[in-house]
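S.K.: show me how the following folds:
(2 chains)
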Amino acid sequence: MQRSMQALESASELTHSVGDAFAAHLRVVKALTVREMQSSNSSYVYGYAWALAEVCISVTALTVLKVFIHALSPPDMPPVLFILLGAIPWFTFHHTASGMFLIVSQRKKMLLLPQVTPIDLMLAKAITVLCTYGSIFFVALIGSDYFEHGGLPRSMAGLVLIYLLSWILGIAFGMIIMPLARVFPPTLKLLAVVWRFGLIGSGVYFTITSIPALYWGYLTWNPMLHVSELMRTYWFNSYQTPVGKPIYVLACTFGLLIFGLLLERYVRLRVPA
Amino acid sequence: MDARALFKDVDFRIEAGARIAVLGLPKSGKTTLLRLICGTDYADAGTIDRTSSVSWPIPMADFLVAYSSVAANMNFIMRLYGIDDDGVISKLAELVDISEFLNVRLAQCPRHVRQRLAFALGVGLGFDVCLFDERVAGVDKEFKPKAIEIVKAITAPRAIVVATSNPKEVADVCDTVFVLENSELTQFQNAEEGFAHFKSLVAKGTEEDSDIPDAGPEPAEEEFVLEVGI
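M.R.: Here you go, the predicted structure:
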């Protein structure tokens, strides 16, 4: 009985200390996220508003291009909505990943504070990107659906889930790239090529059905293609993706996340900065 | 490449109210020791136990953002350390006479404001152990006497550790002296003895060439025990 009581007390103390550590970690990430938003574009007059404007300009440019070209989208999908459902998850993924592996070198001085670790900086950047792109996504979807009469989405829960997975996939990718870049600096140069092909091959501008089925195998390994396909499936009743699989996106996301966390820790402990 | 141990057989405890001076020649590892104590750097071997809150090496202030206001910078540190009290910012600003600059961008403030801000954030947040790098009061000359009085008053119940190569910085403030020499930390029970020993070290260093010792074979894992606690 006494041993059980002691074990319970130890477990309670451990839970408290883990809980306290988790609360402290959350507090640090929150402070860094607010700091990131405040200092984003802080040299300009309207500060963070420029971060939002930047996203709007990028998406508008793509949309205008798409509307004038009027190609590659099925006739029953309004062009602006079509582009938004592909572009914003891609931008979220891309900017989360690239932001994460750049933030540690950009904010190295923050690491001088004992409370702050590289993972905190990376998470703060990821949350900032999600807030920026997520808010634009939400407003833009409502606006374009209203003006284009795209109808209500087939599955709001599916849309939100897949969008969040694209964000987490960006976190995972960033976690992998950062230690690789530390060990092999030209990684960042090679990454520019990866981003180019990634944008083209992730279904931002097209659905998989506009590509001959013979070539689907060359594209369907890319989880972001599944994201674009699923986003359109969950919005448009008229479209059912032949290749998009939520389970594949989930497996890639969490598999890469675990790998990225392990790799980041291994390189941080073994490779001098 | 063989590694040389930066610290060997370092074993000490920082008690409440301790006034510790760590004297060492430039590039002897003083700042690294402070960074190990506060947790910014990690030791390759040994243990460091922290049972109290520890500041960063004051007056380090590279984390301040030039394009944010003084108040926004202070807010950031408050959030980081979970300090909810809204009055703390105005109190700290009054302490170091920078209240009029609270809503001014740091980049537009005079240099002394940044120095005083860094000082106030370091000593005013109630850390149990305050670490000072090179200077106890790294502020403008006009404010320095008051800054030293603030350090003595605020840190009275707490511990301070000052790592410096200038004994004059710590003569009035510290009563325990360690000398960092050849990777070893030697404690002197009598502060005057410690200062005298360090002065002889400095004199020896100016007479001889300061050659970097040859890297020897990688040392076996040393027991590095540093207890930072109250």
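
S.K.: C-alpha from now on. contacts and neighbour counts both.
M.R.: Will do.

S.K.: neighbours of residue B:86, just the number please.
M.R.: Residues near residue B:86, counting by other C-alpha atoms under 10 Å in any protein chain shown, number 10.

S.K.: do the same with the one 10 residues further on
M.R.: Residues within reach of residue B:96, counting by other C-alpha under 10 Å, total 20.

S.K.: run through the residues that contact the residue lying closest to it once chain neighbours are set aside.
M.R.: Leaving aside its chain neighbours, residue B:96 sits nearest to residue B:116 (6.1 Å; criterion: C-alpha to C-alpha, 6 or more residues apart in numbering or on different chains). Neighbouring residues of residue B:116 by C-alpha atoms under 8 Å, 6 or more residues apart in numbering or on different chains: B:96, B:98, B:138-140.

S.K.: next helix or strand past whichever strand or helix holds residue B:116?
M.R.: Using DSSP states H and E, residue B:116 sits in helix B:111-124. Reading on from helix B:111-124 to the C-terminus, the next helix or strand found by DSSP H and E is strand B:129-133.

S.K.: quick one, that next one and helix B:111-124 angle?
M.R.: 150 degrees (axes from the mean of the first three to the mean of the last three C-alpha atoms, to 10 degrees).

S.K.: strand B:129-133 packs against which elements?
M.R.: Packing partners of strand B:129-133 (3 or more C-alpha pairs under 8 Å, 6 or more residues apart in numbering or on different chains; DSSP states H and E): helix B:30-38, strand B:54-58, strand B:159-164.

S.K.: kindly present these as JSON lines, with separate columns for mean pLDDT.
M.R.: Below are the helices and strands packed on strand B:129-133 laid out as JSON lines (pLDDT from 0 to 100):
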{"stretch": "helix B:30-38", "mean pLDDT": "91"}
{"stretch": "strand B:54-58", "mean pLDDT": "90"}
{"stretch": "strand B:159-164", "mean pLDDT": "92"}
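
S.K.: list the buried residues of stretch B:197-205.
M.R.: Neighbour-count burial for stretch B:197-205 flags B:198-199, B:201 (criterion: 16 or more other C-alpha atoms under 10 Å in any protein chain shown).

S.K.: next: stretch B:87-94.
M.R.: For stretch B:87-94, a neighbour-count test (16+ other C-alpha under 10 Å) marks B:88-89, B:92-93 as buried.

S.K.: which one of those residues is nearest residue B:10?
M.R.: Nearest to residue B:10 among the buried residues of stretch B:87-94: residue B:92, at 35.6 Å, using C-alpha to C-alpha.

S.K.: does the helix or strand that contains the closest one come close to chain A?
M.R.: Assessed by DSSP H and E, residue B:92 sits inside helix B:87-95. No: remark: helix B:87-95 sits outside contact range of chain A, by C-alpha under 8 Å from any C-alpha of the partner chain, the gap being at least 16.0 Å.

S.K.: could you check the angle that helix makes with helix B:111-124?
M.R.: Interaxial angle of helix B:87-95 relative to helix B:111-124 (the same axes, to 10 degrees): 130 degrees.

S.K.: counting by contacts, list what helix B:87-95 packs against.
M.R.: Applying 3+ C-alpha pairs under 8 Å, 6+ apart, we find helix B:87-95 packed against helix B:70-80, helix B:111-124.

S.K.: same list, the ones you listed, but as TSV with mean pLDDT please.
M.R.: Shown next, in TSV, are the helices and strands packed on helix B:87-95 (pLDDT from 0 to 100):
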stretch	mean pLDDT
helix B:70-80	90
helix B:111-124	91
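
S.K.: quick one: residues contacting the residue lying closest to residue A:239 once chain neighbours are set aside.
M.R.: Of all residues not flanking residue A:239 in the chain, residue A:233 sits nearest, at 5.4 Å (C-alpha to C-alpha, 6+ apart). Counting by C-alpha under 8 Å, 6+ apart, residue A:233 makes contact with A:154, A:239-241.

S.K.: tell me the spacing between residue A:233 and residue B:202.
M.R.: Going from residue A:233 to residue B:202 by C-alpha to C-alpha, to the nearest Å gives 75 Å.

S.K.: for residue A:131, same thing?
M.R.: In this view, residue A:131 and residue B:202 are 56 Å apart by C-alpha to C-alpha.

S.K.: and for residue A:38?
M.R.: Counting by C-alpha to C-alpha, the gap from residue A:38 to residue B:202 is 47 Å.

S.K.: I'd like the buried residues of stretch B:87-94 as TSV, with pLDDT appended.
M.R.: Formatted as TSV, the buried residues of stretch B:87-94 follow (pLDDT from 0 to 100):
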residue	pLDDT
B:88	89
B:89	90
B:92	90
B:93	92
